[in-house]
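A.B. asks: I'll drop the sequence and a predicted model, then ask my questions.
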Amino acid sequence: MSSMILMGREATEVSPILEALPNLEQFIYCSSAGVYLKSDLLPHFETDAVDPKSRHKGKLETESLLETSGVNWTSIRPVYIYGPLNYNPVEEWFFHRLKAGRPIPIPNAGNQITQLGHVKDLATAFIKVLGNPKASKQVYNISGSKYVTFDGLARACAKAGGFPEPEIIHYNPKDFDFGKKKAFPFRDQHFFASVEKASKDLGVTPEYDLLDGLTDSYNLDFGRGTFRKEADFTTDDMILGKKLVSV
């Protein structure tokens, strides 16, 4: 079988491949759950409305291209991916602060619910899709089976790395001008998706629960002294400075 797996952000990256490989038997695309339109009704299902103005609009355009191309395609929509060597190191943000013994600043009440999926479980999903007729011209959400609050994630990261219970500081992002710096690694909203379809069609069952997955990430990456980004506590200090003054 001639198959291809691609994670591109724009349809212009995919179009030349489709033209160059007219006999391609399967095209598996790594999209994103970030394509969904923000909604009060959660979790997101694959049939939910999408947002053509989202920062992932290029992925939506790629999915549309695949749908009209005639190729046998499958699109995978992960929520937040985590794990060793994560290119978007969301868990690393917490580990840096825990290692430095610093408070963890979390926007608003900290009870925003989100969802993470381990990279190895994502890889398993790709394998399950490969050559699977049930996956033909289908979209699948892939992530962990449980959801977690921002505060809960901070505590889980502490347990995973063997750190003490973290001090969590809540703040109102509207009180600050962070410029181009990103003060928190997650979107400040409830954001999670159903993985029921992938479980039913593909038999995908996550191997890692959140604590096991974070422990795996810490032991094989940050705990060894490796990370993607250097620690930057600039925005933390802005938040903590204001909190100290207002007390």
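C.D. replies: Sure, I can see it.
A.B. asks: Contacts only, for the most centrally placed residue in the chain.
C.D. replies: The centre of the chain sits closest to Tyr80, judged by CA atoms, centre = their mean, with a distance of 1.2 Å. Going by CB atoms under 8 Å, 6 or more residues apart in numbering, Tyr80 touches 88, 90, 114-117, 143, 186. In this view, the C-beta of every residue, glycine as well, is placed from N, C-alpha and C.
A.B. asks: Could you pull out the helices in the protein for me?
C.D. replies: Ranges of helices in the chain, per DSSP state H, are 11-20, 57-69, 90-99, 119-129, 150-161, 196-202, 210-220, 234-246.
A.B. asks: which other helices and strands contact the third one?
C.D. replies: The helices and strands touching helix 90-99, judged by 3 or more CB pairs under 8 Å, 6 or more residues apart in numbering; DSSP states H and E, are strand 80-82, strand 104-107, helix 150-161, helix 210-220.
A.B. asks: Report the residue spans of this structure with pLDDT below the cut-off.
C.D. replies: For the chain, the stretches with pLDDT under 70 are 1-9, 243-247.
A.B. asks: quick revisit: any chance of the contacts of Tyr80 in CSV, plus distance to Leu37 and neighbour count?
C.D. replies: Shown next, in CSV, are the contacts of Tyr80 (distance: CB to CB, whole Å; neighbours: other CB atoms under 10 Å):
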residue, distance to Leu37, neighbour count
Asn88, 22, 13
Val90, 22, 18
Thr114, 17, 21
Gln115, 17, 25
Leu116, 21, 26
Gly117, 21, 26
Ser143, 18, 28
Phe186, 18, 17
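A.B. asks: Pull the contacting residues for Ala11.
C.D. replies: Ala11 makes contact with 58, 61-62, 64-65, according to CB under 8 Å, 6+ apart.
A.B. asks: Just the buried ones among those residues, please.
C.D. replies: By neighbour count, with 16 or more other CB atoms under 10 Å, those hold 58, 61-62, 65 as buried.
A.B. asks: doesn't Ile81 make contact with Asn88?
C.D. replies: Yes: judged on CB atoms under 8 Å, Asn88 makes contact with Ile81 at a distance of 7.0 Å.
A.B. asks: ok, back up a step: now the helices and strands packed on helix 90-99 in TSV, with distance to Leu240?
C.D. replies: Formatted as TSV, these follow (distance: least, CB to CB, whole Å):
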stretch	distance to Leu240
strand 80-82	25
strand 104-107	7
helix 150-161	15
helix 210-220	24
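A.B. asks: and Asp175, which of these is closest to it?
C.D. replies: strand 104-107 (10.3 Å; CB to CB).
A.B. asks: Quick one: list the elements packing against the closest one.
C.D. replies: The contact analysis (3+ CB pairs under 8 Å, 6+ apart) places strand 104-107 against helix 90-99, helix 150-161, strand 168-171, helix 234-246.
A.B. asks: Show me the one of those that comes nearest Thr215.
C.D. replies: Proximity to Thr215 (CB to CB) singles out helix 150-161 among the helices and strands packed on strand 104-107, at 4.3 Å.
A.B. asks: Taking helix 210-220 as reference, get the angle to the closest one.
C.D. replies: Relative orientation of helix 150-161 versus helix 210-220 (axes from the mean of the first three to the mean of the last three CA atoms, to 10 degrees): 50 degrees.
A.B. asks: Give me the distance between His190 and Tyr218.
C.D. replies: Distance check for His190 against Tyr218: by CB to CB, to the nearest Å, it reads 26 Å.
A.B. asks: Lys229 and Val90 touch, don't they?
C.D. replies: No: Lys229 lies out of contact with Val90 (CB under 8 Å); the separation is 10.9 Å.
A.B. asks: just to revisit the earlier point, let me know which of the helices and strands packed on strand 104-107 is the nearest to Ser69.
C.D. replies: Taking CB to CB, helix 90-99 is the member of these nearest to Ser69, at 32.7 Å.
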